[in-house]
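In: Here is my input, please return the structure:
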Amino acid sequence: DTGVLRSFTGKFFLALGAVMAVNLLAAPALGGLVAWLLRLTGSLAAGLAVMSCVPTTLSSAVVIADVAGGNRIWALSFTILMNIAGVFVFPFTLGLLLLQEETGTGMNIDEAAMLVKIMKVVILPMGAGLLFRTATRIHPFRGAGYIPSFCIILIVWMVVSGNARILQDTSPERILLAEA
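Out: Predicted coordinates:
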């Protein structure tokens, strides 16, 4: 559609730059500042670092843009491009946040190794699935769209279960402060 293509003007690219700067650079910096101000250490500091380094999700960006009367095509485009860039930026911003001695995470990650692992675990299977689906024209069964959400919930449950002792030893006020 030429109307869609016409919406990608200089303003789009200026806005895209601003969105990328806020989500991929300012948000991690703000997360690091909050962790420092609240004197978070260990798993809480690492969790906040991860959450602040991950780009906005597709569903929330498009829904919020739609409710606010914004441009859904721009929101969708920003989110897709930001998540692609996020794959390459995430290991390095996370590495910078976890390197801060004040966090007490005791983590020193190999950013290049993390990037390669993300490529192997996320990008390659997704690309292979897209190629397979395009080549075979096989469409997923009804309800298959719930599988990724179920897997994420399962992963969160396993991580929380594994860290139950840490959660029990942390005061509710400190957890609520970290959530705010």
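In: in the longest helix seen in the chain, what's buried?
Out: The longest helix of the chain (DSSP state H) is helix 72-99. Under the neighbour-count criterion of 16 or more other C-beta atoms under 10 Å, helix 72-99 has 73-75, 77-79, 82-83, 86, 89-95, 97-98 buried. C-beta: built from backbone N, CA, C; applies to glycine.
In: Where does G69 sit: helix, strand or coil?
Out: Under DSSP: H, G, I helix; E, B strand; the rest coil, G69 falls in the coil class.
In: how near is it to A75?
Out: Using C-beta to C-beta, to the nearest Å, G69 is found at 11 Å from A75.
In: cool, A128 as well?
Out: Using C-beta to C-beta, A128 is found at 28 Å from A75.
In: okay, the angle between the helix or strand hosting L48 and helix 72-99?
Out: Assigned by DSSP states H and E, L48 belongs to helix 42-53. Following axes from the mean of the first three to the mean of the last three C-alpha atoms, to 10 degrees, one obtains 150 degrees for the angle between helix 42-53 and helix 72-99.
In: Let's see helix 42-53 as PDB, backbone CA atoms only.
Out: Extracted in PDB, the C-alpha atoms of helix 42-53 (Å, rounded to 0.1, in the frame of the first residue of the first chain):
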ATOM      1  CA  GLY A  42      22.400  -9.400  44.100                       C
ATOM      2  CA  SER A  43      19.400 -10.800  42.300                       C
ATOM      3  CA  LEU A  44      17.200  -7.700  42.800                       C
ATOM      4  CA  ALA A  45      19.800  -5.500  41.100                       C
ATOM      5  CA  ALA A  46      20.400  -8.100  38.300                       C
ATOM      6  CA  GLY A  47      16.600  -8.400  37.800                       C
ATOM      7  CA  LEU A  48      16.100  -4.700  37.500                       C
ATOM      8  CA  ALA A  49      19.100  -4.500  35.100                       C
ATOM      9  CA  VAL A  50      17.600  -7.100  32.800                       C
ATOM     10  CA  MET A  51      14.100  -5.600  32.900                       C
ATOM     11  CA  SER A  52      15.500  -2.100  32.100                       C
ATOM     12  CA  CYS A  53      17.600  -3.400  29.200                       C
END
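In: what about that helix, distance to the chain center?
Out: 12 Å (C-alpha atoms, centre = their mean, to the nearest Å).
In: Could you shift the numbering so residue one becomes 51, and keep it that way?
Out: Sure, I'll start counting at 51 from here, so that last one is helix 92-103.
In: Summarise which helices and strands that helix is packed against.
Out: Under the contact definition 3 or more C-beta pairs under 8 Å, 6 or more residues apart in numbering; DSSP states H and E, helix 92-103 sits against helix 77-87, helix 122-149, helix 222-229.
In: re earlier: identify all contacting residues around the helix or strand that the longest helix of the chain is followed by.
Out: Using DSSP H and E, the helix or strand that follows helix 122-149 in sequence is helix 161-168. With contacts defined as C-beta atoms under 8 Å, 6 or more residues apart in numbering, helix 161-168 is touched by 137-138, 140-142, 144-145.
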